[in-house]
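Asks: could you look at this predicted model? Sequence included:
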Amino acid sequence: MKLALSRALPLIILAIVWELASRFELVSSSVLPSLSDVMASWWEMVKSGELITNGAASLYRTFAGLGLAVAIGIMLGIGMAWWKPVNALLAPLVEAFYPMPKSALIPVTVIWLGFGDGSKILLIFMGCMVPVTIGAFNGARGSDQALVWSARSMGASRMRMLWDVVVPSALPELLNGIRTALALSFILLVSSELIVAREGLGYLIGYLGANGSYDAMFAVVLTVAFLGFACDRIYQMFMNRMLAWQD
Amino acid sequence: MAGLDSTRVDLTSAEAGRENLAVIDSAGNETDVIRGPALTAPPLPWGDRYGWTALKWLSVIVVVVGWELFARSGAVTPFVLPRLSTVLLRIWTDALSGDLWANTGVTLYRAIVGFLIAASGGIVLGMAIARIPAIRWFFDPIISVGFPMPKIAFLPVVILWLGVYDVSKISMVVFDAIFPVVTATIIGLQGVDRVLLWSARNMGAKEPEILWQISLPAALPQIMTGLQVAMPIALIVAIVTEMLMGGYGLGGSMMTASRYADSPGVFAGITEIAVVGYVMVKAMALVRRRLLIWHQEALAPSTV
């Protein structure tokens, strides 16, 4: 308890400094609205449902894109590690696509799928697939050869080995890749919604900023930041759970 | 034998490895069998030597030709997918008119200046956090909360404070790219082998000497990894900020093309950005190999 407080204290200090700075007009409230005003307008937006509907739209896009990316990325990554021709075919494409700043694809996804959900889901899918694929590939390739050999000598079929030996030993790297993808999905979501969208949290930020309601804009910015942080923490707990069998 | 092998290499790497062992076995070289397949690469059969290289190029060729043919086939409008040749022609004219170089230069300037500020600031902050308890107490929670946040959401706030010109774009790049550098520096410094520090102290080294000559070099592999993560982030953020605020730069000109429904311009922009990203990532890997030539990782075969 005491430890938690000591860890939270710097953040609390920052919050108090923020509140006091705008209370005592050290900075103009149009540039930095006070924390209490921000919280008040956050509550207003929750009550009016504005934050909830836009938040739901954003989360739907994130998890649809991320879910697709995880499903297909795992298949690609393990396929590349397990069948050499698949690797030879896909590795150059992954290597060329990997360093590409994925946000550059925003205009193209809009050309292909318009302003709605589809273009965001496609963007998040394409961006997140890369870290998942690379994680699955590195994990599966690094699986202990002795384990593979002993499974084979005990008469395991290829599919059986894939499932019982390769997938579990690929898990740590794979889960790390998914964690990178999770962070990336939020970045891509917000940037695509800021640039072109008609709903969603990123859209709301841009809309409120353009209207000059800065306290509401700060409220949404903090909400997005908190969502990204919370998803990462929850995922980390899940990851520790999944890897509890490791030493 | 070689013919048999080339029909069998499309199995798992484990199986391919066993196949190699068998070859060695039949040659009667037993010590090699003990050392394992990784260190004892026998001369590759023909299929291994040329077949895989051919297959690697095949996928690239299929994508390039497939794009061109699919766009020509009329199944999609040129707006949805312009021909590759049109896009390449567009890049060529941009290059001739000088637009390409001006835009690339502006984007690279923002990304690299931001990256350098984030790198130096991140290393200094990381060193301070690793060594000074009060600073660690204050910054540790902030960094662990700030790292997983989608910092791009703060972009409108930064625009509000700093305007839409270079200052706000570069600040955004720094804000985003500094986190991986700080965490990597902390991890690297904390992981320095204690025996190294003890023996340096024993031989009478002063603290600054230990920092510069022992701790930082020993932490360099980790720090480089952090920088390698930060570089693509810097580029991504530079491009997103340009897309949002408009103006010059690869992202800005792509957004302009998008507004005018100039689809070849959009695809040319993506291709240019992809090439710039590829070059930057490769350059960072090269820097790493140069700086860490003394480190044992340089002996291992490079992966990506």
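Replies: Received it, and whenever you're ready, just let me know what you need. Numbers count the residues shown, from 1 in each chain, chains lettered A, B, ... in the order given.
Asks: in chain A, which helix has the most residues?
Replies: helix A:50-82 (DSSP state H).
Asks: that one and chain B in contact?
Replies: Yes - judged by CB under 8 Å from any CB of the partner chain, helix A:50-82 and chain B are in contact via A:81, A:82. Any C-beta I mention is one placed from the backbone N, CA and C, and that applies to glycine too.
Asks: now the following helix or strand past that helix: buried residues?
Replies: Heading C-terminal from helix A:50-82, the first helix or strand you meet, by DSSP states H and E, is helix A:84-97. Judged by neighbour count using 16 or more other CB atoms under 10 Å in any protein chain shown, the buried positions of helix A:84-97 are A:84, A:86, A:87, A:88, A:89, A:90, A:91, A:92, A:94, A:96, A:97.
Asks: what mean pLDDT does helix A:84-97 get?
Replies: Helix A:84-97 carries an average pLDDT of 83.
Asks: can you tell me which helices and strands it packs against?
Replies: On a contact count with 3 or more CB pairs under 8 Å, 6 or more residues apart in numbering or on different chains; DSSP states H and E, helix A:84-97 meets helix A:50-82, helix A:117-141, helix B:52-73, helix B:263-291.
Asks: straight-line length of stretch A:160-173, end to end?
Replies: The first residue of stretch A:160-173 is 21 Å away from its last residue (CA to CA, to the nearest Å).
Asks: for chain A, what are the nearby residues on the stretch 51-200 of chain B?
Replies: Applying CB under 8 Å from any CB, we find that the stretch 51-200 of chain B lies next to chain A at B:52, B:55-60, B:63, B:79-80, B:137-142, B:145, B:148-157, B:159-161.
Asks: dump the residue contacts of residue B:213.
Replies: Residues in contact with residue B:213 (CB atoms under 8 Å, 6 or more residues apart in numbering or on different chains) are B:200, B:205.
Asks: so how many other residues sit close to the residue lying closest to residue A:135 once chain neighbours are set aside?
Replies: Of all residues not flanking residue A:135 in the chain, residue A:177 sits nearest, at 2.0 Å (CB to CB, 6 or more residues apart in numbering or on different chains). Residues near residue A:177, counting by other CB atoms under 10 Å in any protein chain shown, number 26.
Asks: not counting sequence-adjacent ones, nearest residue to residue A:60?
Replies: Once flanking residues are discounted, residue A:60 sits nearest to residue A:117: 7.1 Å by CB to CB, 6+ apart.
Asks: tell me which residues touch that neighbour, please.
Replies: Going by CB under 8 Å, 6+ apart, residue A:117 touches A:57, A:60, A:61, A:64.
Asks: list the contacts for the last one?
Replies: It refers to residue A:64. When contacts are counted by CB under 8 Å, 6+ apart, residue A:64 touches A:117, A:121, A:124.
Asks: any idea how far residue B:151 is from residue B:236?
Replies: Relative to residue B:151, residue B:236 is positioned 11 Å away (criterion: CB to CB, to the nearest Å).
Asks: before we move on, what about residue A:104?
Replies: Using CB to CB, we find residue A:104 at a distance of 19 Å from residue B:151.
Asks: between residue B:236 and residue B:151, which is the more surrounded one?
Replies: A side-by-side neighbour count of residue B:236 and residue B:151, using other CB under 10 Å, places residue B:236 first with 28 against 25.
Asks: hang on, the earlier thing: tell me the buried residues within the contacts of residue A:117.
Replies: A:57, A:61, A:64.
Asks: name the nearest residue to residue 59, ignoring sequence neighbours.
Replies: Just going to use chain A. Distance criterion CB to CB, 6+ apart; nearest residue to residue A:59, sequence neighbours excluded, is residue A:227 at 7.6 Å.
Asks: wait, chain B
Replies: Closest to residue B:59 by CB to CB, 6+ apart is residue A:89, at 4.6 Å.
Asks: tell me who's in contact with the residue nearest the centre of chain A.
Replies: Averaging the C-alpha coordinates of chain A gives a centre point, and the residue nearest to it by CA atoms, centre = their mean is residue A:182 (2.3 Å). Counting by CB under 8 Å, 6+ apart, residue A:182 touches A:66, A:128, A:231, A:232, A:235.
Asks: in the helix or strand containing residue A:223, what counts as buried?
Replies: Taking DSSP H and E as the definition, residue A:223 sits inside helix A:214-242. In terms of neighbour count (16+ other CB under 10 Å), helix A:214-242 has its buried residues at A:214-225, A:227-229, A:231-232, A:235, A:239.
Asks: quick revisit: what angle separates the longest helix of chain A from helix A:84-97?
Replies: Orientation check (axes from the mean of the first three to the mean of the last three CA atoms, to 10 degrees): helix A:50-82 against helix A:84-97 gives 140 degrees.
Asks: so how far is helix A:50-82 from its chain's centroid?
Replies: Chain-centre distance of helix A:50-82: 9 Å, with CA atoms, centre = their mean, to the nearest Å.
Asks: picking that back up, show me the two of the contacts of residue A:182 that sit farthest apart.
Replies: A:128 and A:232 (14.0 Å; CB to CB).
Asks: model confidence for residue B:29, exactly?
Replies: pLDDT, read off for residue B:29, is 38.
Asks: hmm, I was thinking of residue B:43
Replies: pLDDT, residue B:43: 54.
Asks: returning to that earlier point: how near is the residue nearest to residue A:60 to residue A:58?
Replies: Separation of residue A:117 from residue A:58 (CB to CB): 10 Å.
Asks: same deal with residue B:60?
Replies: Going from residue B:60 to residue A:58 by CB to CB gives 36 Å.
Asks: can you pick out the residue with more neighbours from the two?
Replies: Ranked by neighbour count (other CB under 10 Å), residue B:60 and residue A:58 place residue A:58 first, with 25 against 13.
Asks: sorry, back to before: contacting residues for the residue nearest to residue A:59?
Replies: Neighbour list for residue A:227: A:55, A:59, A:186, A:201 [criterion: CB under 8 Å, 6+ apart].
Asks: gap between the last one and chain B?
Replies: When you say that, I think you mean residue A:201. Residue A:201 sits 8 Å away from chain B, going by CB to the nearest CB, to the nearest Å.
Asks: what pLDDT does the spatially closest residue to that residue that is not a sequence neighbour get?
Replies: Once flanking residues are discounted, residue A:201 sits nearest to residue A:58: 4.5 Å by CB to CB, 6+ apart. pLDDT, the model's per-residue confidence, is 92 for residue A:58.
Asks: now do residue B:7
Replies: 32.
Asks: and the residue nearest to the centre of chain A, what element?
Replies: Secondary-structure assignment from DSSP H and E places residue A:182 in helix A:167-195.
Asks: after that helix, next one along is what?
Replies: For helix A:167-195, the following helix or strand on the C-terminal side (DSSP H and E) is helix A:201-211.
Asks: so which elements touch that next one?
Replies: helix A:50-82, helix A:167-195, helix A:214-242, helix B:155-162.
Asks: which residues touch it?
Replies: Here helix A:201-211 makes contact (CB under 8 Å, 6+ apart) with A:50-51, A:54-55, A:58, A:189-194, A:197, A:214, A:216-217, A:220-221, A:223-224, A:227, B:153, B:156, B:159-160.
Asks: repeat that for 7 Å
Replies: Contacts to helix A:201-211, defined as CB atoms under 7 Å, 6 or more residues apart in numbering or on different chains, come from residues A:54-55, A:58, A:189-190, A:193-194, A:197, A:216-217, A:220-221, A:223-224, B:153, B:156, B:160.
Asks: again, but for stretch A:38-48
Replies: Contacts for stretch A:38-48 (CB under 7 Å, 6+ apart): A:51, A:52, A:215, A:216, A:218, A:219, A:222.
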